Every structure is written in C-alpha cells, then in structure tokens.
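Novice: Quick one: sequence plus predicted model below, questions after.
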Amino acid sequence: MTRKLLLVSNTNDAHTKQVLGYCRDEIADFIGTVEGSREVLFLPYARPGGISCEDYITLMKPAFEEMGYTLISAYDGSNNNPSSKIAKARAIFVGGGNTFVLLKYLYDFGLLGALRNKIGGGTPYIGSSAGANIVCPTIATTNDNPIVEPRSLQGLGIVPFQIKPHYFEPPEGFLYTGETHAEKIKEYHAFNDRTVIGIREGSWLRIENNNVYLRGNTGAKVFIKGKESIEYVQGDRLDFLLD
C-alpha cells in the first residue's frame, strides 16, 4: 500500500488558538504543490461543537489560504456526488470534531471505499483528531461521545494501529478522579489487541509508505497490550507501528 499521511492530534493551536497554527509549515511541506494543483479537498463532516458543515468550511478556508492553498469542500449542501470529488482530489483534509458524526456521514454517503482507494493510492491525506481516528481499523479509541450511531465502528484501516488524539496525563498533584486516557487505553486492551498511540496536542505522525516519523514538541506514548507503555519524542522513528 502506498501511504502519505499527516495525522495531527488537534486542529487549534493550544497556545495561540490559531487553526492548525502549530503545524502549518509541516502541512505546506507535506502537500507541496500537489502535482501542480493548489487545491485541497475538505471533508467537513465532523462538525466540532455541533456547528454546521457550512460554518466549518468558513472556519477552515482562511487557514489554508494563508498557507497558499484553496480549500474546496466535498459537501455542498445537496450531497452532489461527493465520491466523485474524492476521486478527483489531489490532496484531502478531514478536520476534527465528533468522530461518530464523521463516520456516520461517511457511511451514509458511501464514501469509505472512495476514500480508502484514494488514500491507499498515495494521495496526500491530512487528518486532524477525528480525521486521524478514521484511518485506523476502528474508532474505538476516540475521545468523543457517541451522539449518533454510525453503521459500524470500522474505520478505513489505512494503518493497523489505533490513535488516541489529545492524549493527556494529569500532572502529579492534579485533583482528578475520573479515568485517565491511559486507563481508557487499558480498558481497550482488555478486549482488543491492537497497538495504541496516544498523541499529545502539539504533535503529529507523518507517514510515508512504511516510514513513520513523530513530529511536534510534545511527544507521544505507545501502548502495546501486555507491555509497559513507552514514551517517544520528536524525531523518533515509529516504523514498527505498521508491522
């Protein structure tokens, strides 16, 4: 399988609140000139905060314009054959929001096959948060509430591991009695065997064919069932995730 993926933990920069502010240079380098085109196809179906697809498009367009790209939407209000837009896309961006809502749209519109073929053929794909979750075998490690019920929890399966975006560990002395992300991953491993990577806000994975690079300045933690979790930092190679 030919893969060219940029899997980002969060859409908004945690410090500046700028849309994709912490990874814009990486995005521009990753997409390049997109074989002579400056258009990026946006799938706005995750709808963060319950906003409309139209408002999500309005929110994201300026960020890509500032990077020198034109963001075009797969959604035009009428479901006018979005699969044909995917087939023609030179690069694809799927934004964050609710992973269950995103996956339900993809199933309802019959887009998983088109996406799988396009991404598996090497078209550059950028997935933020929910957009990163859906390239995994399932969305079982999302942080989101199941506010809608997709036909299945099965994702695109472009990578063989699971992602936990926005990975967070309460600092020592932090008053918190709920389940931590590490504990939720442990619960996942009680019933599932796949490796999980918890990507902190401000970090991302860049995957090109069988090469996996960890970028950003906050690091990530890898959880393999039955083993101690391992911390990784910017610049580490995580090719083993694709085994």
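Specialist: Perfect, I can see it now. Numbering: from 1, shown residues only.
Novice: switch to C-alpha atoms for all contacts and neighbour counts from now on
Specialist: OK.
Novice: for the spatially most central residue of the chain, helix, strand, or coil?
Specialist: Nearest residue to the geometric centre of the chain (C-alpha atoms, centre = their mean): A132, 1.6 Å. Judged by DSSP: H, G, I helix; E, B strand; the rest coil, the three-state class of A132 is helix.
Novice: just L115 next, same as before
Specialist: Applying three-state DSSP: L115 is helix.
Novice: ok, the residue nearest to it when sequence neighbours are not counted - contacts?
Specialist: In space, and not counting its chain neighbours, L115 is closest to I86: 6.7 Å by C-alpha to C-alpha, 6 or more residues apart in numbering. Shown in contact with I86 (C-alpha atoms under 8 Å, 6 or more residues apart in numbering): 41, 74, 92, 114-115, 118.
Novice: Now tell me what touches the longest helix anywhere in the chain from outside.
Specialist: Scanning the chain for the helix with the most residues, using DSSP state H, yields helix 53-66. For helix 53-66, the external contacting residues (C-alpha under 8 Å, 6+ apart) are 19-20, 42, 44-45, 47-48, 70-71, 73, 75, 77.
Novice: so how far is I126 from N211?
Specialist: Relative to I126, N211 is positioned 16 Å away (C-alpha to C-alpha, to the nearest Å).
Novice: Looking at these two, which has the bigger crowd around it?
Specialist: Each of N211 and I126 has its neighbours counted (other C-alpha atoms under 10 Å); I126 has more, 23 against 15.
Novice: which SSE is the more buried one in?
Specialist: Using DSSP states H and E, I126 maps to strand 125-128.
Novice: Paired strands for that strand, with orientation please.
Specialist: strand 4-8 (parallel), strand 92-94 (parallel) (DSSP bridges).
Novice: winner for burial among those?
Specialist: Mean neighbour count (mean count of other C-alpha atoms under 10 Å) peaks for strand 4-8 among those, with a mean of 27.
Novice: Could you list the alpha-carbon positions for that strand in PDB?
Specialist: Only the C-alpha atoms of strand 4-8 are listed here, as PDB (Å, rounded to 0.1, in the frame of the first residue of the first chain):
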ATOM      1  CA  LYS A   4       1.200   9.500   2.500                       C
ATOM      2  CA  LEU A   5      -0.500  10.600   5.800                       C
ATOM      3  CA  LEU A   6      -0.200  13.500   8.200                       C
ATOM      4  CA  LEU A   7      -2.100  12.600  11.300                       C
ATOM      5  CA  VAL A   8      -2.500  15.500  13.700                       C
END
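Novice: what about the chain, any weak spots by pLDDT?
Specialist: The chain contains residues with pLDDT under 70 at 13-16, 33-37, 78-80.
Novice: For it, which segments count as strands?
Specialist: Listed in chain order, the strands of the chain (DSSP state E) span 4-8, 39-43, 70-73, 92-94, 125-128, 162-164, 196-199, 203-208, 211-216, 220-223, 230-232.
Novice: Could you provide the ones you listed in JSON lines, with additional columns for distance to I147?
Specialist: Listed next are the strands of the chain as JSON lines, based on distance: least, C-alpha to C-alpha, whole Å:
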{"stretch": "strand 4-8", "distance to I147": "23"}
{"stretch": "strand 39-43", "distance to I147": "19"}
{"stretch": "strand 70-73", "distance to I147": "24"}
{"stretch": "strand 92-94", "distance to I147": "19"}
{"stretch": "strand 125-128", "distance to I147": "19"}
{"stretch": "strand 162-164", "distance to I147": "19"}
{"stretch": "strand 196-199", "distance to I147": "23"}
{"stretch": "strand 203-208", "distance to I147": "26"}
{"stretch": "strand 211-216", "distance to I147": "31"}
{"stretch": "strand 220-223", "distance to I147": "27"}
{"stretch": "strand 230-232", "distance to I147": "32"}
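Novice: What distance do you get for I224 to E231?
Specialist: The gap separating I224 from E231 is 12 Å, by C-alpha to C-alpha.
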